[in-house]
Structure formats: C-alpha cells, structure tokens
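[1] what shape does this take:
(2 chains)
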Amino acid sequence: MSADLIVFWVSAPICVGSAIAMLFEKNAVHAALLLIINFFTIAVFYLVLDAPFLFAVQIIVYAGAIMVLFLFVIMLLGVDRDEELTERLRWQRPAAVLMGIGVFAELVFAIRAGVGFSTNGVRAFAETANRGGNTQALARSLFRSYFFPFEATSILLIVAAVAAMVLAHRQRRAITRAEQAQAAGTLAEAEAAP
Amino acid sequence: MSTPIAFFLVVSAALFTIGTVGVMVRKNALVIFMSIELQLNGVNLALVAFSRLHGNLTGQVLTFFSMVVAAAEVVVGLAIIVYVFRRRRTANVDDLSVLKW
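    Numbering: from 1, shown residues only, chains lettered A, B, ... in the order given. Alright, predicted model coming up:
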C-alpha cells in the first residue's frame, strides 16, 4: 500500500464525514467550522493529486479568507442560534435525501462508465505537465493560453467589491439645510455664551 | 501515485451531492450558502482529478478561475444576506417569501 493511498483513505472519511456532519449541524458556527475541516482535507487531496499551488490557495483563500468572512457575517448577524426545524412542506426533506441518493448513484455510475475504478493518472506528471514546478507551469499556462480570462476575472473582482460596498453600505439620513443652519446657530450661541 | 483517479471523483461526487441536499434541506441562508461552497469544492476536486488523469494543467487552471469566481460570489452573496437581514431581521429563507406569487 503506497503512501498516497494511505493519505487518501485517512482523508476521505474525514472529508465526507465533516460534510455530512455539516448537513446535520443546527448551529451555524459549528457548521462553518466543520466546513473548514472539509476544506483542509480537500487541500490534502490537491497535494496528493500533484497540485501544490492549489493546495496553498485552497488553504489561504477558502479555509482562510472565505470561511473567516462567513464566520464574521454569522457573528455580525447573530444568527448563531439553533435553527428551527419545523418543515412547511412535510415531504421536502425525504424527497431531498432520495434525490441526493439518486444523484450520487448516477454520478458513481457515470464515473465507472467514463473513467473506470482502476484507471491511474498518467505517469511522470511531474516531468511533463508540472515541468519546472507546478506553480511555474501553472503560471505559464495562465499567462499564455488563458490571459484574457485572467484579466476578465480581475474585472469581476472589482465589480464584486464595488457591489458588496453598495449593498452593505448603510444609508445615512441626509442632513437637511435647515438642520445644518440650526446646528450652526446653536454652535454660534454656544461660542457666544461664555 | 497509485490511487485510482476514480476514488477522488467519487469523493467529489459525494461532496456535490451532500451540498445539493444541504441547499434543499437547510433553512438558514448562511448554511445554504455554505452548502453551495461545498458543491463548488466538489467540482473543483473533480477538475483537479481530471487534470491529473489526462496529464495537463487545464483542470487546475479552471479550478483557479473557479476559486476566484467563488470568492466574488461569496462577497456579493454575503452582502445580500446582510442587507436582507437588516431589513427583515431574519436569515431564514422560509420567511423571505415576498417575491413569491
């Protein structure tokens, strides 16, 4: 049994287990923490799959930035109370679970038909695709073949940042000219008083 | 590396399915959003596994873009949730039915 197979069989149950636990967790903060565990195990998978750059990005961006943002919003809104479990449509939950089992079976069937359960990745991935290091090879691909999409994502990020500011900005009540004059008047009185 | 690629694909299928069920079952808008993140991560894992299977970096580049889009999506989505919470004092999706006919 090789090392990467052991790593896989250690990470995979944690990965799927934390995801299922997140599904049943009523407290939003605990759900977020379970999701962070899940993201870390996915990062381990990236390392096993010879993608060390995405391993780092997964931990920094997903487990770090995005989940901190989630926890921040949970704390900000104070929705860390337990969720109410009364269901308005009584059949919705069993139907969702049934559909989930169906989708999973279908996907596994597709994987079996398309890839097969004994197919390994290409040999010498490090010497061919990852030539000169994964980060360097990824940068080569990104800045040569995918340069336009890369620039488009920068526009996307700017638009998203502006959108978040517009949405989250609390509209202050506009100060009317009369109030301004009154404030100036009281200020002048206060200055004149002593 | 001797782990069959299909193992990773099955894990990614499981993550995607759990995320889908989470979106349909949960009531808290934030947890629904987390389930969407889980779905995105399942797909990312499948892309990286396919990249390893075919021996080129296209899947990894696509995962990189997917992460950028996910970051932008989280920012806008959380801003919308904060905005809705400020108006309606709730993050429960069952209470947000104004747009429903």
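
[2] pull out the buried residues from the longest helix along chain B.
    Counting by DSSP state H, the longest helix found in chain B is helix B:58-88. For helix B:58-88, the neighbour count (16 or more other CB atoms under 10 Å in any protein chain shown) marks B:59-65, B:67-68, B:70-85 as buried. In short, each C-beta sits where N, CA and C put it, glycine included.

[3] for that helix, name the packing helices and strands.
    Applying 3 or more CB pairs under 8 Å, 6 or more residues apart in numbering or on different chains; DSSP states H and E, one finds that helix B:58-88 contacts helix A:52-57, helix A:67-77, helix A:134-144, helix A:147-168, helix B:29-54.

[4] deepest in the core, which of these is it.
    Comparing those by mean neighbour count (mean count of other CB atoms under 10 Å in any protein chain shown), helix B:29-54 ranks first with a mean of 23.

[5] wait, which of the helices and strands packed on helix B:58-88 is closest to residue A:100?
    Between residue A:100 and the helices and strands packed on helix B:58-88, the tightest spacing by CB to CB is seen for helix B:29-54, at 11.4 Å.

[6] check whether the closest one contacts chain A.
    Yes: interface with chain A: helix B:29-54 contributes B:30-31, B:33-35, B:37-38, B:41, B:44-45, B:48-49, B:51-54 (CB under 8 Å from any CB of the partner chain).

[7] contact partners for residue B:93?
    B:27, B:28, B:29, B:32 (CB atoms under 8 Å, 6 or more residues apart in numbering or on different chains).

[8] tally of neighbours for the first one?
    Neighbour count for residue B:27, taken as other CB atoms under 10 Å in any protein chain shown: 17.

[9] that one reaches residue B:94, doesn't it?
    Yes: with contact defined as CB atoms under 8 Å, residue B:27 reaches residue B:94; the gap is 5.8 Å.

[10] one step back: now the angle from the longest helix of chain B to helix A:67-77?
    Helix B:58-88 and helix A:67-77 meet at an angle of 10 degrees, taking axes from the mean of the first three to the mean of the last three CA atoms, to 10 degrees as the criterion.

[11] as a whole number, average confidence for helix B:58-88?
    Taken as a whole, helix B:58-88 carries a mean pLDDT of 91.

[12] run the angle between it and helix A:147-168 for me.
    Following the same axes, to 10 degrees, one obtains 10 degrees for the angle between helix B:58-88 and helix A:147-168.

[13] tell me the angle helix B:58-88 makes with helix A:134-144.
    Using the same axes, to 10 degrees: helix B:58-88 against helix A:134-144 is 80 degrees.

[14] identify the residue nearest residue A:143 in space, chain neighbours excluded?
    Computed as CB to CB, 6 or more residues apart in numbering or on different chains, the closest residue to residue A:143 that is not its neighbour in sequence is residue A:150, at 7.1 Å.
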